[in-house]
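Chemist: Sequence below, structure please.
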Amino acid sequence: MNIKRTKEEIKNTISAYLLKDELGNYEIPSIRQRPIFLLGSPGIGKTQIMEQISKECGIGLVAYTITHHTRQSAIGLPFISKKQYGDKEYAVTEYTMSEIVGSIYDKMEQTGLKEGILFIDEINCVSETLAPAMLQFLQCKSFGNHKIPEGWVIVAAGNPPEYNKSVREFDVVTMDRVKKIQVEADFAVWKEYAYAHQLHGAVISYLNTRKQNFYQMETTVDGMHFATPRGWEDLSNIIQVYEKLGKSVDREVVEQYIQFPKIAKDFANYLELYYKYQTDYQLEAVFEGKLDEILLKKVAHASFDEKLSVVGLMLSKVNEALGNAVRKEAYMELLQSYLAEYKQVTEEVTEGLDGQQLFFNICQKASVEYRQKKQAELLTREEEYRYCQVMKILEEILQEMKLLSLNKGKACFQKAKEAFEKENELYEKVWKEAEQKLEYAFDFMEGAFGNSQEMVMFITELNSNANSVAFIQETECERYYQYNKELLFEDKRKKLLERME
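Modeler: Numbers count the residues shown, from 1 in each chain. Next up, the predicted model:
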């Protein structure tokens, strides 16, 4: 099962486990809620999807890598207490609360979320002394004498034995009490994620042409050589930051993330050419509407790898522009929601109420909502940035009201409206620039390649990017619809021929 389907299945399981009947009891009793056990090779995103799922489901998350823990931290420390049995008093051993169970209660207290996910990573790599406690945890949902609170879904993850010498096989009794999901690396699914999270264009375009290098594990005399989705994402992040710092990424840097020398060398060479083609083909000028016929002929007769690199560069620039427009639209929608609420309250209140105070209340509401969601860890990085942008503009509007000594509702609302219209003008500018860049990209693609396999790749990759699709759905790019229609027709024709054969 790929990581996308795995994520969907976990969300479905959580929905089922947390569903309550009319009496407020869970439809599936806690004792029958099997822990989810993810088994898959390292670096494919098992841990990362847990953060996404908790945010999307609006529930808490407590995550532990169990190999970092001892028996004492997992179960608790022993202490002696006295108990009366019959006529005699006995000294008995009890345990303090497990650190892990205590962390769940801490999370509930901090976030106000009473339901959540307890995620235990590397569960099948524990020490011999901790192994029995892990079996008890999976079978009985408890650490020592302390049960996991109701409403908390247990998800555990582990690596197959070929990737870790410390792996312990769980017995049938344990495996018959868990919901096992075998997770596999899938480039097509990862590519959707890569576009959505704005990974570097060179990483995406390289892997598009060398899918076999997306995930590789090889045992050699020098040890394990590997390239993983986690490694590619982290490499992408460092490339983007190095570009801002004006520093270069060479083979030695790549090998720090892609620990497979042959692949690291190949990507480093590709990255060098990627930057070279950006200059050689004057792509900055292309996106200003300047096409050089000589360069168009040059790329038309270039090697296949060079053509794909240029297409990758075009996609990177286009996707960045379309993504920025979509993100700006989301910002405007959030800003508009607060200003629309302000408009409503200014219309409803009596003339005597202070319009500036009412706007201050809206600012406070935005701030409180942001803090609550941030404290509950329900915001993605992009959503957090969006909230900060909105709060900044609201604060600027409030300061202008104070500076101009505006108090009456209509005057205050007019000032807020002017500010929104100014922001809307910037938004429309970003949107139009994105539309223009898309048109310029088609000018280049048609001039260089015409209706060829390179154009098919260009359209296919646009369709793989959720932000680009969202943008195109709201605009009128005739050439996109033309080529996309031809692509869909060709796909149907190929499928029909395959059936006939």
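Chemist: Distance of the closest residue to N145 other than its chain neighbours relative to F458?
Modeler: Nearest residue to N145, sequence neighbours excluded (Cβ to Cβ, 6 or more residues apart in numbering): Y95, at 5.6 Å. Just so you know, the C-beta spots here come from the backbone N, C-alpha and C atoms, and that holds for glycine as well. The spacing between Y95 and F458, counted by Cβ to Cβ, to the nearest Å, is 62 Å.
Chemist: Show me which parts of stretch 191-210 are buried, residue by residue.
Modeler: 191, 193-195, 198-208 (16 or more other Cβ atoms under 10 Å).
Chemist: likewise stretch 412-431?
Modeler: By 16+ other Cβ under 10 Å, the buried positions in stretch 412-431 come out as C412, F413, K415, A416, A419, F420, E423, Y427, V430, W431.
Chemist: Restricted to helices, list those.
Modeler: C412, F413, K415, A416, A419, F420, E423, Y427, V430, W431 (DSSP state H).
Chemist: confidence score at the residue nearest to L283 when sequence neighbours are not counted?
Modeler: Leaving aside its sequence neighbours, L283 sits nearest to L313 (Cβ to Cβ, 6+ apart; 5.7 Å). On pLDDT, L313 comes in at 91.
Chemist: Secondary structure of L313: a helix, I assume?
Modeler: Yes: under DSSP: H, G, I helix; E, B strand; the rest coil, L313 sits within a helix.
Chemist: Roughly how far does it sit from D280?
Modeler: 10 Å.
Chemist: neighbour-wise, which of these two wins?
Modeler: Set L313 next to D280 and count neighbours by other Cβ atoms under 10 Å: L313 wins out with 20 against 15.
Chemist: For the strand or helix carrying F458, which residues meet the burial criterion?
Modeler: Assigned by DSSP states H and E, F458 belongs to helix 453-464. Buried residues in helix 453-464, counted by 16+ other Cβ under 10 Å: E454, M455, V456, M457, F458, I459, E461, L462, S464.
Chemist: If we only consider those residues, which is nearest to E51?
Modeler: Each of the buried residues of helix 453-464 was scored against E51 by Cβ to Cβ, and S464 proved nearest at 22.9 Å.
Chemist: Which residues are in contact with the closest one?
Modeler: A188, K191, E192, Y195 (Cβ atoms under 8 Å, 6 or more residues apart in numbering).
Chemist: and with 7 Å instead?
Modeler: Residues in contact with S464, defined by Cβ atoms under 7 Å, 6 or more residues apart in numbering, are K191, E192, Y195.
Chemist: tell me which element the second one is part of?
Modeler: Secondary-structure element containing E192, defined by DSSP H and E: helix 187-196.
Chemist: Just list what whatever helix or strand comes next after that helix packs against, helices and strands only.
Modeler: Remark: after helix 187-196, the chain's next helix or strand is helix 201-209, criterion DSSP H and E. Judged by 3 or more Cβ pairs under 7 Å, 6 or more residues apart in numbering; DSSP states H and E, helix 201-209 is in contact with helix 187-196, helix 229-245, helix 261-280, helix 304-348.
Chemist: Only alpha carbons, please: show helix 201-209 as PDB.
Modeler: Extracted in PDB, the C-alpha atoms of helix 201-209 (Å, rounded to 0.1, in the frame of the first residue of the first chain):
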ATOM      1  CA  GLY A 201      12.300  21.800  -9.200                       C
ATOM      2  CA  ALA A 202      15.600  20.100  -9.900                       C
ATOM      3  CA  VAL A 203      14.800  17.300  -7.500                       C
ATOM      4  CA  ILE A 204      11.400  16.700  -9.000                       C
ATOM      5  CA  SER A 205      12.500  16.900 -12.600                       C
ATOM      6  CA  TYR A 206      15.600  14.600 -11.900                       C
ATOM      7  CA  LEU A 207      13.400  11.900 -10.300                       C
ATOM      8  CA  ASN A 208      10.900  12.300 -13.200                       C
ATOM      9  CA  THR A 209      13.600  11.000 -15.500                       C
END
